[in-house]
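S.K.: this is the structure alone, sequence omitted:
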């Protein structure tokens with residue numbers, strides 16, 4: 001029976017600068033010294049990569065939260081939104097605060113997701129490199145899978161990108177009254193994929209951001225209340241214009257409307273001529289979102305002022321005895 005051959009020393013034992021040499025000196029075990037790189041060095045490196053990735057991600061998320069969080073009880077913009085354009089008018093009050101908070105949180109959520117994906121993705125690649133795996137085929141396969149997923153989820157990607165640009169450009173936000181084509185209503189929630197609207201009838205509409213081709217926003221800057229008043233052919237237009245102007249000025253200075261009025265009313269004159277009569281138009285610049293309430297209030301008071309001044313309704317000439325009949329009754 002031949003004697004056992006002595007095991008060969010690993011080359012790293014003679015290199016005093018390696019961890020293998022230190023392990024050999026401590027244990028006098030050639031196998032343990034040769035395996036030190038796999039048993040100790042690589043696990044420590046992998047653990048260090050994971051810890052560093054976790055710490056960097058945690059610090060980035062805290063920084064993103066700091067620049068996207070709206071201070072309590074403050075109407076100021078979050079730090080992230082200050083360089084970006086904002087079209088939300090201050091007159092929306094508490095709706096502006098909610099709009100800014102949701103906008104900042106949504107952008108912050110995107111940034112945190114991107115940071116997590118990049119940091120953990122880079123850490124995963126570094127770990128695979130430490131394990132000695134060939135990253136070329138893996139990266140190529142990931143690229144092919146990514147392209148396949150991109151083709152299969154085109155609408156989802158389109159909605160997501162549209163939502164990001166909509167948030168950055170501040171096209172609309174919570175509290176705005178918008179017309180997106182198929183639906184018109186007040187914005188209740190804004191997401192990266194779907195915008196939620198509630199119309200005047202109470203119906204909730206879920207609109208995909210990628211399907212929105214144009215947006216009409218009635219709540220940015222200011223609005224204009226347009227009131228058309230009917231008038232008969234035989235009426236004195238100049239006198240009616242004077243009566244309507246005075247009535248509109250009185251109405252807009254009342255306690256019920258003055259807080260919503262930005263400029264004095266403007267009497268434009270005859271807007272149209274129809275077979276039934278004339279249309280006089282009056283406009284008032286008001287706070288955004290208040291144009292409909294102002295229009296209703298003005299319309300009622302202007303018609304009452306015309307009636308009090310003795311003007312007949314446009315179709316009164318067709319029923320000349322109707323007013324007298326009503327009085328007799």
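M.R.: Sure thing, it's come through. Quantities reported herein were computed from a predicted structural model and do not represent experimental measurements.
S.K.: quick one: secondary structure of residue 272?
M.R.: Using DSSP: H, G, I helix; E, B strand; the rest coil as the criterion, the local structure at residue 272 reads strand.
S.K.: and residue 126, by the same measure?
M.R.: helix.
S.K.: any idea which element the residue nearest to it when sequence neighbours are not counted lies in?
M.R.: Nearest residue to residue 126 in three dimensions, chain neighbours excluded: residue 49, at 5.1 Å (CB to CB, 6 or more residues apart in numbering). Glycine gets a C-beta too; all of them are placed from N, C-alpha and C. Residue 49 belongs to helix 42-68 when assigned by DSSP states H and E.
S.K.: which elements pack onto that helix?
M.R.: helix 94-130 (3 or more CB pairs under 8 Å, 6 or more residues apart in numbering; DSSP states H and E).
S.K.: on contacts alone, who are the packing partners of the helix it packs on?
M.R.: Helix 94-130 sits against helix 42-68, helix 135-152, helix 154-169, strand 184-190, with contacts defined as 3+ CB pairs under 8 Å, 6+ apart.
S.K.: so how far is residue 127 from the residue nearest to residue 126?
M.R.: 6 Å (CB to CB, to the nearest Å).
S.K.: surely residue 224 touches residue 288?
M.R.: No - counting by CB atoms under 8 Å, residue 224 does not reach residue 288; the two are 10.1 Å apart.
S.K.: so which of these two has more stuff around it?
M.R.: Between residue 224 and residue 288, counted using other CB atoms under 10 Å, residue 288 has the larger neighbour count: 21 against 15.
S.K.: the nearest residue to that one once chain neighbours are set aside sits in which helix or strand?
M.R.: Excluding the flanking residues, the one nearest residue 288 by CB to CB, 6+ apart is residue 219, at 4.2 Å. For residue 219, there is no enclosing helix or strand under DSSP H and E.
S.K.: cool, and residue 239?
M.R.: Element membership for residue 239, per DSSP H and E: helix 237-252.
S.K.: in that helix, what counts as buried?
M.R.: Buried residues in helix 237-252, counted by 16 or more other CB atoms under 10 Å: 240, 241, 243, 244, 245, 247, 248, 251, 252.
S.K.: swap in stretch 225-237?
M.R.: Within stretch 225-237, the residues scored as buried using 16+ other CB under 10 Å are 225, 227, 229, 230, 231, 232, 235.
S.K.: repeat for stretch 207-215
M.R.: The neighbour-count check on stretch 207-215 (16+ other CB under 10 Å) flags 207, 209, 210, 212 as buried.
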